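Colleague: Sequence isn't available, so here's the structure alone:
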Ligand SMILES: [Zn+2]
């Protein structure tokens, strides 16, 4: 369990660091949560919302799932979105995919992944809607990259079509893709 002990040790060091920088850091954070952003990203451990945007706790309300799928029938995502919009009053919703996404890659095979197939079907549907364009791309890496972008675009479109967002037109919806190889975010839809 050494690996777990290390996490608690690192947590103490991190908390001490924050206090060192600002004695009131946790007191202020505990009082209020006023994030401007709702982040909908992939669960991939290499794409942590706060780290890659250099934001602090309190700045981003976060929902993550495999391949940052937006499904208006997903009660988890829709509850997060409703809370973010109606109670936290976020100003921006960001759908962020990433190149090299394992979920997208898995969905683009004919293999079965057990329970995950239900989830991956939502990505297969994005492919189905764009098969002509995607199939025309010869290189496999480029094909997967395009699917990552199309999946983000589909997510943005779905959010824009949600009643919750239509009735809050000041909210700006963004579609971004993060590149694992250089750490850079790219705008590809919305905004
Ligand atoms: Zn991913």
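Modeller: Received it, and whenever you're ready, just let me know what you need. Keep in mind the model is a prediction, meaning the values are calculated, not measured.
Colleague: List of residues touching the helix-or-strand element of the chain with minimal mean pLDDT?
Modeller: Ranking every helix and strand in the chain by mean pLDDT, DSSP states H and E puts helix 25-31 at the bottom, with a mean of 87. Applying CB atoms under 8 Å, 6 or more residues apart in numbering, the external contacts of helix 25-31 come out as 15, 18-19, 22, 57-58. (C-beta placed from N, C-alpha, C; glycine too.)
Colleague: switch the cut-off to 10 Å
Modeller: Contact with helix 25-31 is made by 15, 17-19, 22, 24, 56-58, as judged by CB atoms under 10 Å, 6 or more residues apart in numbering.
Colleague: and if you look at stretch 115-131?
Modeller: Here stretch 115-131 has contacts from 65-71, 73-74, 101, 103-113, 133-135, 143, 146-155, using CB under 10 Å, 6+ apart.
Colleague: Pull out whichever of those residues are also neighbours of the ion.
Modeller: Within the set of the contacts of stretch 115-131, contact with the ion (CB under 5 Å from the ion) is found for 101, 103.
Colleague: which of the contacts of stretch 115-131 are buried?
Modeller: 65-70, 74, 101, 103-104, 106-108, 134, 143, 146-155 (16 or more other CB atoms under 10 Å).
Colleague: which residues touch the residue most central in space within the chain?
Modeller: For the chain, the residue nearest the mean C-alpha position is residue 41 (0.9 Å; CA atoms, centre = their mean). By CB under 10 Å, 6+ apart, the residues touching residue 41 are 47-49, 52, 60, 62-65, 67-68, 94-98, 176, 178.
Colleague: Just say helix, strand or coil for it.
Modeller: In three-state terms, and counting by DSSP: H, G, I helix; E, B strand; the rest coil, residue 41 is strand.
Colleague: now do residue 177
Modeller: strand.
Colleague: What is the burial count for it?
Modeller: For residue 177, the number of neighbouring residues by other CB atoms under 10 Å comes to 23.
Colleague: Now do the same for it: its pLDDT.
Modeller: Reading off the confidence values, residue 177 has pLDDT 98.
Colleague: Might you report the residue contacts of it?
Modeller: Counted by CB under 10 Å, 6+ apart, residue 177 has contacts 68, 95-99, 101, 145, 148-149, 151-153, 184-189.
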